[in-house]
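Chemist: Turn this into a model:
(one chain, ligands or ions: 1)
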Amino acid sequence: MWRKAGPKARYSVVIIGGGGHGLATAYYLAKEHGIADVAVLEKGPIGLGNTGRNTTIIRSNYLWDESARMYEHSLKLWEGLSAELNFNVMLSQRGVLNLAHSEHDVREGKRRLNANRLNAIDAEWLDAAAVKRFCPVLSVSPDARYSVLGATLQRRGGVARHDAVAWGFARAADAHGVDIVENCEVIAIRTARGRVTGVDTTRGEIAADKVAIVAAGHNSVVAAMAGVRLPLQSHPLQALVSDPVKPVLDCVVMSNAVHVYLSQSDKGELVIGAGIDAYNSYAQRGSFHVIEAQMAALLELFPSFSRLNMLRSWAGIVDVSPDASPIIGGLPVGGLYLNGGWGTGGFKATPGAGHVFAHTIARDEPHPLAAPFSLDRFTTGALIDEHGAAGVAH
Ligand SMILES: Cc1cc2nc3c(=O)[nH]c(=O)nc-3n(C[C@H](O)[C@H](O)[C@H](O)COP(=O)(O)OP(=O)(O)OC[C@H]3O[C@@H](n4cnc5c(N)ncnc54)[C@H](O)[C@@H]3O)c2cc1C
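Modeler: The predicted model follows:
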């Protein structure tokens, strides 16, 4: 699939983090900007961070113009990604429902739907009866504690196979000459006269003209190696899967109010996501109290799932920014860049973020879609508040 490259002494660009975002960045740097003298340094095997731990939901129905454009750019890339990479990423555009359980949810949902349409993003409003027709296994009983009053539907939303995304980008980047260096942890970032000069790793020193940090839950730890303090909080985010069952759910269902989001995998497991853990931590572990809340939320919406057995649970470490939007661009050290702060929702952005980040690194100026997501918005106040966009409360 890709060469087991050892690190060279020097690269034009070193990317810290071999998740989907790091690998996509490397691929687009090589393919679109002719910069193939690139190493992706991953402390373990590639794709086992959040890229291999998420619930794989893809959509672009974000509220604000800046986010809508970014996520729609990504969704369009998803739609051609299997052909682009010659690797089946198993994109399944089965439709994403965002449920409304109160008058407030209905107003917010319709507001978002109208904003989406103004950005040429497909969006529909379904009343409760239409929701039931679209997703028969969901309970829309008016007697439920959180009865379903309606939902937004993005038909082009869906899921993809997360491992395949990492492997597909890795193979394609490798074919362009990128070195993917696994089991190589960055332990220091070297700087001189306000510019990066390279990194120290568990496999030795590597000199670099430019260094890009794409380490998800560890972004703040890695940026601190260069003396940069980021406005990010790292939290565990948990998910679990049920035993495999026959097909029962052929769409994605998300509910912000009861805090659950789920789909059914090709193997038949229900893939069920939780809200973030309240505390900061770097433990990639599940825990019983979260499972309990998640199961309670699941059964509010799907009472018929009460007899399902749960198979396994896990966590990833997500880096949450103050406005729940990503940070993409240069940091206050020359030649140092960040693509992070994706929090609970960056899988869907993998190709789009990699694409605009590669442009930003190659030209040393923000891609127009990335410009609003620069770090300085936390001092200018031009925040992009997407707290309401996720199925997860932050
Ligand atoms: C349970 C869960 C559910 C989620 N559900 C969704 C969803 O449905 N839809 C969605 O869009 N998003 C979802 N997300 C968020 C999504 O997974 C992430 O935003 C996205 O995968 C981030 O990709 P990445 O490549 O930046 O991070 P990662 O895949 O985590 O890659 C970062 C890599 O950096 C490496 N690294 C860290 N420190 C170092 C170092 N010092 N040296 C070298 N390497 C280092 C790590 O080992 C890791 O492999 C979910 C996340 C979780 C945890």
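Chemist: Only C-alpha atoms from now on, for both contacts and neighbour counts.
Modeler: OK.
Chemist: Give me the nearest residue to residue 160, chain neighbours excluded.
Modeler: The spatially closest residue to residue 160, leaving aside those adjacent along the chain, is residue 91, at 4.2 Å (CA to CA, 6 or more residues apart in numbering).
Chemist: now swap in residue 220 and tell me
Modeler: Counting by CA to CA, 6+ apart, residue 220 lies nearest to residue 230, which is 5.6 Å off, once chain neighbours are set aside.
Chemist: Give me the secondary structure label for the one you found.
Modeler: Classification of residue 230 into helix, strand or coil gives coil, according to DSSP: H, G, I helix; E, B strand; the rest coil.
Chemist: same thing with residue 107?
Modeler: Taking three-state DSSP as the rule, one finds residue 107 in the helix state.
Chemist: What does the residue nearest to residue 160 show for phi and psi?
Modeler: phi -70, psi 130 (degrees, to the nearest 10).
Chemist: what's near enough to touch it?
Modeler: 78, 79, 158, 159, 160, 161 (CA atoms under 8 Å, 6 or more residues apart in numbering).
Chemist: Same check on residue 230?
Modeler: So, once contact is read as CA under 8 Å, 6+ apart, residue 230 ends up touching 220, 223, 224.
Chemist: for the last one, phi and psi?
Modeler: I take that to be residue 224. Note on residue 224: backbone dihedrals following degrees, to the nearest 10 are phi -60, psi -20.
Chemist: ok, now residue 38?
Modeler: In this entry, residue 38 is assigned phi and psi values of phi -130, psi 140 (degrees, to the nearest 10).
Chemist: residues contacting it?
Modeler: Residues counted as contacts of residue 38 (CA under 8 Å, 6+ apart) are 11, 12, 13, 14, 15, 26, 30, 177, 178, 179.
Chemist: Touching stretch 108-118 from outside, list them.
Modeler: 61-65, 68, 98, 100, 122-125, 151-152.
Chemist: Enumerate the positions of stretch 193-209 that are buried.
Modeler: Using 16 or more other CA atoms under 10 Å as the test for burial, stretch 193-209 gives 195, 196, 197, 198, 199, 200, 201, 205, 206, 207, 208, 209.
Chemist: taking those residues one by one, which sit in strands?
Modeler: Among these, DSSP state E puts 195, 196, 197, 198, 199, 200, 201, 205, 206, 207, 208, 209 in strands.
Chemist: Okay, the residue nearest to residue 160 and the ligand: tell me how far apart.
Modeler: Residue 91 sits 13 Å away from the ligand, taking CA to the nearest ligand atom, to the nearest Å as the criterion.
Chemist: now swap in residue 150 and tell me
Modeler: If you go by CA to the nearest ligand atom, the gap between residue 150 and the ligand works out to 21 Å.
Chemist: swap in residue 71?
Modeler: Distance of residue 71 to the ligand, given as CA to the nearest ligand atom: 9 Å.
Chemist: Repeat that for residue 107.
Modeler: From residue 107 across to the ligand, the span is 24 Å (CA to the nearest ligand atom).
Chemist: what does residue 103 give?
Modeler: If you measure residue 103 against the ligand using CA to the nearest ligand atom, the figure is 26 Å.
Chemist: tell me the pLDDT at that residue?
Modeler: Confidence at residue 103, expressed as pLDDT, is 96.
Chemist: ditto for residue 257
Modeler: The predicted structure scores residue 257 at 89 on the pLDDT scale.
Chemist: tell me the centre residue of this protein?
Modeler: Residue closest to the average C-alpha location in the chain (CA atoms, centre = their mean): residue 346, at 1.6 Å.
Chemist: would you list every one of the helices in this protein?
Modeler: In the chain, helices defined by DSSP state H lie at 20-33, 65-79, 81-85, 103-118, 128-134, 162-175, 219-224, 288-301, 350-363, 377-380, listed in chain order.
Chemist: most packed of the ones you listed?
Modeler: Across the helices of the chain, averaging neighbours per residue (mean count of other CA atoms under 10 Å) puts helix 20-33 on top, at a mean of 27.
Chemist: is that helix anywhere near the ligand?
Modeler: Yes. Contact between helix 20-33 and the ligand is present through 20, 21, 22 (criterion: CA under 6 Å from any ligand atom).
Chemist: Residue 5 and residue 247, how far apart?
Modeler: Applying CA to CA, to the nearest Å, the value for residue 5 to residue 247 is 41 Å.
Chemist: I should have written residue 14 there, sorry.
Modeler: Taking CA to CA as the measure, residue 14 falls 44 Å from residue 247.
Chemist: neighbour-wise, which of those two wins?
Modeler: Between residue 14 and residue 247, residue 14 has the larger neighbour count (other CA atoms under 10 Å), namely 26 against 13.
Chemist: of the contacts of stretch 108-118, buried ones?
Modeler: A residue is treated as buried here by neighbour count (16+ other CA under 10 Å); on that basis the buried members of these are 61-64, 68, 98, 100, 122-125, 151-152.
Chemist: re the thing from before, phi, psi for the residue nearest to the centre of the chain please.
Modeler: Torsion angles at residue 346 (phi, psi; degrees, to the nearest 10) stand at phi -90, psi -10.
Chemist: any idea how far it lies from residue 193?
Modeler: Residue 346 sits 33 Å away from residue 193, taking CA to CA as the criterion.
Chemist: Residue 295 now?
Modeler: Spatial separation of residue 295 from residue 193 under the definition CA to CA is 54 Å.
Chemist: Wait, residue 157 touches residue 93, no?
Modeler: Yes. Contact criterion CA atoms under 8 Å: residue 157 and residue 93 qualify, at 5.2 Å.
Chemist: how about the buried ones among the contacts of stretch 108-118, which pair is most distant?
Modeler: Farthest apart among these by CA to CA are 68 and 100. That separation is 20.2 Å.
Chemist: okay, now the spatially closest residue to residue 301 that is not a sequence neighbour: neighbour count?
Modeler: Counting by CA to CA, 6+ apart, the nearest residue to residue 301 once its immediate chain neighbours are dropped is residue 139, at 5.5 Å. By the criterion of other CA under 10 Å, residue 139 has 21 neighbours.
Chemist: residue contacts, residue 139?
Modeler: In this structure, residue 139 makes contact with 132, 147, 148, 301, 302, 303, judged by CA under 8 Å, 6+ apart.
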